[in-house]
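Participant: Can you look at this prediction? I've put the sequence above it.
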Amino acid sequence: MGCCLACSQRAEPDTACAPPDTDAVVMRETSALVRSQSDTSCRLFEDASVSAACLPRCSSATRREFYACQPSSGCESSVLDKDVTPSLVVENVELNCGGCVNRAREACQRRVCSASAEALFACRAASSNCSAQTTALTQCLNVQQLRLEACLLATEQSCFAR
């Protein structure tokens, strides 16, 4: 794990890290972090990521409040719920600030712990009792915490205006 000095983010050694004033970093179907400069329409990808044309979905004021929240305080949800950025309806899915952050988190879970994440999401689609799959994903994410945090830094931040 390296550090991107240009933007003060942790980044995978092969991950491009851009200064804050460039297009948003989004995850693609290949599960690689890429910069999208040619997207012309908002799209939702199967891995839960969104195209750069959908972004940002949250205001810069929400960004400051969101990152000021203490972990596990419950603050994040209330901050995201207060955001006034208009929602988009994309492929019959309402994409608002909280939805963007949730999709970013799901995309990172799928990238970092793909087998466990896929098992949980498949279970949730078919059943309401997914405690074993939830435990397996939680354990994987705990082991892969640094990779998860690096992914979240890149993907969550793309939801917020600068």
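Facilitator: Right, received. Where do you want to start?
Participant: Phi, psi for Cys140 please.
Facilitator: Note on Cys140: backbone dihedrals following degrees, to the nearest 10 are phi -60, psi -50.
Participant: Okay, buried residues for stretch 42-56 please.
Facilitator: Judged by neighbour count (16 or more other Cβ atoms under 10 Å), stretch 42-56 contains these buried residues: 42, 44-45, 47-56. Bear in mind the C-beta positions are built from the backbone N, C-alpha and C, glycine included.
Participant: Wasn't Glu94 part of a strand?
Facilitator: Yes: Glu94 forms part of a strand when assessed by DSSP: H, G, I helix; E, B strand; the rest coil.
Participant: Residue numbering should commence at 482 henceforth.
Facilitator: In the new count, where the first residue is 482, that last one comes out as Glu575.
Participant: Thought Ser568 was touching it, still the case?
Facilitator: Yes: A contact is recorded between Glu575 and Ser568 when judged using Cβ atoms under 8 Å, the distance being 5.1 Å.
Participant: Lowest mean pLDDT among the helices and strands, pick that one out for the chain.
Facilitator: strand 514-516 (a mean of 28; mean pLDDT, DSSP states H and E).
Participant: Check the residue nearest the centre of the chain and give its pLDDT.
Facilitator: Ranked by distance to the mean C-alpha position of the chain (Cα atoms, centre = their mean), the top residue is Ala585 at 1.6 Å. Note for Ala585: predicted pLDDT of 92.
Participant: Tell me which helix or strand it sits in.
Facilitator: Ala585 belongs to helix 578-593 when assigned by DSSP states H and E.
Participant: Report all helices and strands that that helix contacts.
Facilitator: Packing partners of helix 578-593 (3 or more Cβ pairs under 8 Å, 6 or more residues apart in numbering; DSSP states H and E): strand 506-508, helix 556-563, helix 595-607, helix 612-624, helix 626-638.
Participant: most tightly surrounded among the ones you listed?
Facilitator: Among these, strand 506-508 has the highest mean neighbour count (mean count of other Cβ atoms under 10 Å), at a mean of 24.
Participant: which regions of this protein sit below the pLDDT cut-off?
Facilitator: 482-521 (pLDDT under 70).
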